[in-house]
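Visitor: no sequence on hand, only this structure:
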């Protein structure tokens with residue numbers, strides 16, 4: 001059986017002015033280009049109530065690290081109280097959004113994602129020895145790298161939302 005270990009789980013919250021469309025595009029582009037994730041949108045739900053919107057988005061990103069290891073990063077966006085507003089910037093009126101954003105990231109290190117060691121009991125036993133004695137330091141390195149990637153997603157989201165809100 002494929003071994004999955006959740007290594008990272010955290011979230012941030014932000015409240016303020018930001019362009020939801022630009023934020024969505026920035027986060028998608030950043031994760032696909034900088035982290036080289038293959039992103040799949042597993043959920044996109046919009047609920048209207050009066051002049052505000054609630055949006056829930058769930059992405060699952062995967063990246064093959066080696067023939068044995070794979071990163072899986074799930075990002076969940078929950079935008080509430082989103083409404084269209086108009087602001088004046090440098091003497092020009094700009095249409096943008098205001099609302100609350102909550103971004104949650106969960107990082108999972110997948111070992112033997114192709115299931116090569118799952119053919120019989122001997123192979124399963126050999127895999128446990130392989131992981132414990134041969135590649136234990138590599139597992140630690142990949143866990144640290146995954147934590148860094150997940151933390152960077154949250155940092156990029158926070159920096160973008162902070163920067164947009166200060167315009």
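Guide: Alright, I've got the coordinates. Everything numeric here is computed off the predicted structure, so don't read it as measured data.
Visitor: before we move on, which element is the most centrally placed residue in the chain in?
Guide: Note on the chain: the residue nearest the mean C-alpha position is residue 75, at 3.3 Å, using CA atoms, centre = their mean. Element membership of residue 75 [criterion: DSSP states H and E] is strand 69-89.
Visitor: mind listing what that strand pairs with, with the direction of each?
Guide: Each strand that pairs with strand 69-89, with its direction, by DSSP bridges: strand 52-64 (antiparallel), strand 92-111 (antiparallel).
Visitor: okay, now the unreliable bits of the chain?
Guide: Scanning the chain for pLDDT under 70 picks out the ranges 165-167.
Visitor: pretty sure residue 30 is touching residue 155, no?
Guide: No: assessed by CB atoms under 8 Å, residue 30 is found out of contact with residue 155, at 10.6 Å. C-beta here means a position set from N, CA and C on the backbone, and glycine is covered the same way.
Visitor: buried residues, the strand holding residue 75. List them.
Guide: Judged by neighbour count using 16 or more other CB atoms under 10 Å, the buried positions of strand 69-89 are 69-80, 82.
Visitor: kind regards, and thank you for your time.
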